[in-house]
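Show me how the following folds:
(one chain, ligands or ions: 1)
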Amino acid sequence: MNRSKNLRLWLVLAVALLLAAGLGWMRFSTPPAPPGNLAGASLGGPFTLTNQDGQMVRDTDFAGRWRLIYFGYGFCPDVCPTDLALVGRGLQAFEAQDAGRAANVAPIFITIDPERDTPAVLKPFVAAFHPRLVGLTGTPEQITAVSRRFGVYAKRMDTDDPQNYLMDHSAMIYLFDPEGKPVAFLPHQGLTADAVTALLATHVR
Ligand code: NI
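Sure thing, here's the model as predicted:
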């Protein structure tokens, strides 16, 4: 083996060692996220809905982004506004903590009351909780389909006034990954803004 060949071999070895060390360090500095409580669940899937500006929105429009999803309704007297306020505050805290990762989180509100939650009703409603919160509505058929796919229970509860009916519904905060696969959920019971921040900090990469 001549001298220059020997030198080249050493250079290749040195570069390989540096690369290995670098990769090892990267892996050490960002450990893989633990599996969430929805890992492997068959939840979610395609949808076509309408946003608060009246534009058509598909699940594929969120490809490559983490999705923080909440189902509820704008006329909800208690649970939905409470949960959405916590989601908004939790996401804002995550933005303050790690603006880069937080920018890749899409907060989404999907109504289970499409008759009253028109885009015009949703627009000021979602803006009250987070500046980037997307509000989605659709035809009753579209909403039934998306609710089913996401395992959401919703039932109309009539009162004496037909305009003032209530919706009985499941309330949970869902996190889906950039491929649209379910990662984890937080129940309404005992929900805090800190828990929302922790959910994002744990899983979002
Ligand atoms: Ni509600």
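
and Ala63, what does it touch?
Counting by C-beta atoms under 8 Å, 6 or more residues apart in numbering, Ala63 touches 178-180. The C-beta positions use only the backbone N, C-alpha and C, and glycine is treated the same way.

The ion next: which of those residues are close?
Checked against the ion using C-beta under 5 Å from the ion, those give no members in range.

Could you break this structure into its assigned domains?
Structurally, the chain divides into domains by automatic domain parsing as follows: 1-30, 48-203.

tell me, what residue is most central in the protein?
A centroid search over the chain (C-alpha atoms, centre = their mean) returns Leu68, at 1.7 Å, as the residue closest to the centre.

Name the helix or strand for the residue nearest to that residue when sequence neighbours are not counted, please.
Closest residue to Leu68 apart from its sequence neighbours, by C-beta to C-beta, 6 or more residues apart in numbering: Pro107 at 4.7 Å. Following DSSP states H and E, the helix or strand that holds Pro107 is strand 105-111.

What mean pLDDT does that strand get?
The average of the pLDDT scores along strand 105-111 is 98.

Check the offset of that strand from the chain's centre.
The chain centre lies 6 Å from the centre of strand 105-111; the measure is C-alpha atoms, centre = their mean, to the nearest Å.

Give me the contact status of it with the ion.
No: Strand 105-111 stays clear of the ion (C-beta under 5 Å from the ion), getting no nearer than 10.1 Å.

Determine the next helix or strand in the C-terminal direction from that strand.
The C-terminal neighbour of strand 105-111 among helices and strands, as given by DSSP H and E, is helix 119-127.

Touching that next one from outside, list them.
50-54, 74, 109, 111, 117, 133-137.

what residues are up against the closest residue to Leu191 other than its chain neighbours?
In space, and not counting its chain neighbours, Leu191 is closest to Leu86: 5.4 Å by C-beta to C-beta, 6+ apart. Taking C-beta under 8 Å, 6+ apart, we find Leu86 in contact with 191-193, 195-196.

you'd agree the residue nearest to the centre of the chain is in a strand?
Yes: judged by DSSP: H, G, I helix; E, B strand; the rest coil, Leu68 forms part of a strand.

Could you double-check that it lies in contact with Leu175?
Yes: judged on C-beta atoms under 8 Å, Leu68 makes contact with Leu175 at a distance of 5.8 Å.

out of the contacts of Leu86, who's nearest the ion?
Taking C-beta to the ion as the measure, Leu191 is the one of those closest to the ion, at 12.6 Å.

so who does that closest one touch?
82-83, 86, 173.

one more time with 7 Å, if that's ok
Going by C-beta atoms under 7 Å, 6 or more residues apart in numbering, Leu191 touches 83, 86, 173.

ok so, going back, and the residue nearest to Leu191, that's in a helix?
Yes: Leu86 forms part of a helix when assessed by three-state DSSP.
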